[in-house]
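[1] I would like to see how this sequence folds:
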Amino acid sequence: MSAGHGVEHSEYNASDEEPVHFLQVWIQPDRVNATPAYAHRPASRAQGWELLASPDGAAGSLAIRQQARLYRLSLQPGHEAAFDLDPAQRYWLHVATGAFESGGQLLQAGDAVGLSDEAGALVLAGGGAGGEALLFELPGAGGAS
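    Here you go, the predicted structure:
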């Protein structure tokens, strides 16, 4: 959902029996008083990195009103994935489910790490049950807010 002037939304669990795992994320748009926009896409079961949202809807992602990108990482236990960091960008990694190891540090569901002025590869390895994480690529300090 791209919020705008007069946006309405509600979240709920469609199941009466199963719990819901829900993460609500707000990214400040790069414009004001825009008409609200709604879009959705099926969830993927693919392993590795997947672009979920971007300014231009690249690679089948949802278009958002900000110079930011949102990636999903799904890894099975013991598998690794690398993401090339751009030092001009800022990053926020949030572990949604399971666990990952990065640079000798264990990250479990609910943990998050912020990165700025980083170059090279962010390497994550799936923990004992694997897991899913979200990586937000955000404009650097000198970029759009």
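
[2] can we go C-alpha only for contacts and neighbour counts from here?
    Noted.

[3] For Leu93, list each beta-bridge partner.
    Judged by DSSP bridges, the bridge partners of Leu93 are Val113, Leu135.

[4] close enough to count as contact, it and Leu124?
    No - using C-alpha atoms under 8 Å, Leu93 is not in contact with Leu124, being 10.6 Å away.

[5] buried residues in stretch 28-35?
    Judged by neighbour count using 16 or more other C-alpha atoms under 10 Å, the buried positions of stretch 28-35 are Pro29.

[6] same question, stretch 97-104
    Of the residues in stretch 97-104, those buried (16+ other C-alpha under 10 Å) are Thr97, Gly98, Ala99, Phe100, Glu101.

[7] Could you identify the helix or strand that succeeds the one helix or strand in the chain whose mean pLDDT sits lowest?
    When the helices and strands of the chain are scored by mean pLDDT, DSSP states H and E, strand 62-63 comes last with a mean of 91. Sequence order places strand 69-75 as the next helix or strand after strand 62-63, per DSSP states H and E.

[8] neighbouring strands for that following strand, and are they parallel or not?
    Sheet partners by DSSP bridges: for strand 69-75, these are strand 48-54 (antiparallel), strand 120-139 (antiparallel).
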